[in-house]
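**Student:** Coordinates for the following, if possible.
(one chain, ligands or ions: 1)
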Amino acid sequence: MAGYLVEDARKVTTHRLQEMKQQGKKIAMLTSYDFTTAKIVDSAGVDIILVGDSASNVMAGNHTTLPITLDQMIYHARSVARGVKRAHVVCDMPFGTYQVNATEGVRNAIRIMQETGCDSLKLEGGEEILPTVQRILEAGIPVMGHLGLTPQSINKFGTYAVRAKAEAEAEKLIHDAKLLAQAGCFAIVLEKIPATLTQRVVQAVSVPIIGIGAGPADGQVLVIDDMLGKNKDFSPKFLRRYADLHTIMTDAIGCYVSDVKDCQFPTAEESY
Ligand code: KIV
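**Tutor:** Just a heads-up that it's a prediction; the model follows:
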């Protein structure tokens, strides 16, 4: 069976992620939302597990990431952290928990860290959230940035199209990335921007840049349900499907239904 042999079984820290960038070693990141999946993702050698607010779409069926609450993210993050030994676990701060002001942001950040066992937090935005990012970092909590397409602002953008194609927006993004890195963010996710712009950011900042729909970078992230092919309705150009779980699960469940209806399950061997 194809797989990846983990060379170093030690816990992945922000320090090691920095070393990986310096040594040119690529960083593999995936989302997880539950204990069982996180255990598999961790043992398969993923370096960073993101408890993404994409749980709002993937787990709850919402159209956007906006409805997921702090309590719901804490539930997912705690479940994931319990299943992970090696990977660095980062949790998204959900919409509304850090935009009001820095004091509220740091209070919510502390709550997530205390109640989940995660290693760090991810916040969407650049200069406009910098004071909050600084306060969270001052509280001793590692922060991952997120620029480009920031789904919590979808109602402002009005579309999930590629961001920062125009030079003015590209320059703002590079400026924001530099500010986040200088403030002390340990990595930055770039979502759905041109590959040439990603390269400019990779060169401009010393912290790892993790891409999604952003071309080659220091690492890549995908939503686990998408890359496992659970959802047939979501097929953006950047998505590579590594399995067809939709078909595998449908077939398996169909076999189970047939077995139950045909009295083929359970057999004597499966009974007490
Ligand atoms: O919530 C999420 O899954 C994310 C990734 C798309 C980076 O933020």
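
**Student:** neighbouring contacts of stretch 64-79?
**Tutor:** 33-35, 38, 51, 53-57, 59-60, 62, 89, 91-97, 108, 111-112, 115-118, 151-152, 154-155 (C-beta atoms under 8 Å, 6 or more residues apart in numbering). For every residue, glycine as well, the C-beta is placed using N, CA and C.

**Student:** Can you tell me which of the residues you listed are buried?
**Tutor:** Neighbour counting with 16 or more other C-beta atoms under 10 Å marks 33-34, 38, 51, 53-57, 89, 91-95, 97, 108, 112, 116, 118, 151-152, 154 as buried within the contacts of stretch 64-79.

**Student:** out of those residues, who's near the ligand?
**Tutor:** Subset of those in contact with the ligand: 53-54, 92, counting by C-beta under 6 Å from any ligand atom.

**Student:** Number of residues surrounding whatever residue of the chain ends up closest to the ligand?
**Tutor:** The nearest approach of the chain to the ligand comes at Gly52, 2.5 Å away (C-beta to the nearest ligand atom). For Gly52, the number of neighbouring residues by other C-beta atoms under 10 Å comes to 29.

**Student:** mind starting the numbering at 42 from now?
**Tutor:** With 42 as the first residue, the last one maps to Gly93.

**Student:** That one touches Val264, doesn't it?
**Tutor:** Yes - with contact defined as C-beta atoms under 8 Å, Gly93 reaches Val264; the gap is 6.7 Å.

**Student:** Next, show the common contact partners of those two.
**Tutor:** By C-beta under 8 Å, 6+ apart, Gly93 and Val264 have these common neighbours: Thr72.

**Student:** Does Leu220 touch Glu169 like I think?
**Tutor:** No - the pair Leu220 / Glu169 is not scored as a contact, 10.3 Å apart, by C-beta under 8 Å.

**Student:** of those two, who's got more company?
**Tutor:** Taking neighbours as other C-beta under 10 Å, Leu220 and Glu169 compare with Leu220 leading, 17 against 9.

**Student:** would you list the ones next to the ligand among the buried ones among the contacts of stretch 105-120 in JSON lines and tack on pLDDT?
**Tutor:** JSON lines is the format used below for these (pLDDT from 0 to 100):
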{"residue": "Asp94", "pLDDT": "98"}
{"residue": "Ser95", "pLDDT": "98"}
{"residue": "Asp133", "pLDDT": "99"}
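
**Student:** now those as CSV including secondary structure?
**Tutor:** Putting these into CSV (DSSP: H, G, I helix; E, B strand; the rest coil) gives the following:
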residue, secondary structure
Asp94, coil
Ser95, coil
Asp133, strand
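
**Student:** Pull up the residues of the stretch 192-313 of the chain that are close to the ligand.
**Tutor:** So far as C-beta under 6 Å from any ligand atom goes, the stretch 192-313 of the chain lies against the ligand at 230, 232, 253, 262, 264.

**Student:** Can you list the strands that the helix or strand harbouring the first one pairs with?
**Tutor:** To tie it back to what came earlier, the one meant is Val230. Assessed by DSSP states H and E, Val230 sits inside strand 228-232. Paired neighbours of strand 228-232 in the sheet (DSSP bridges): strand 184-189 (parallel), strand 250-253 (parallel).

**Student:** Having no further points to raise, I will conclude here.
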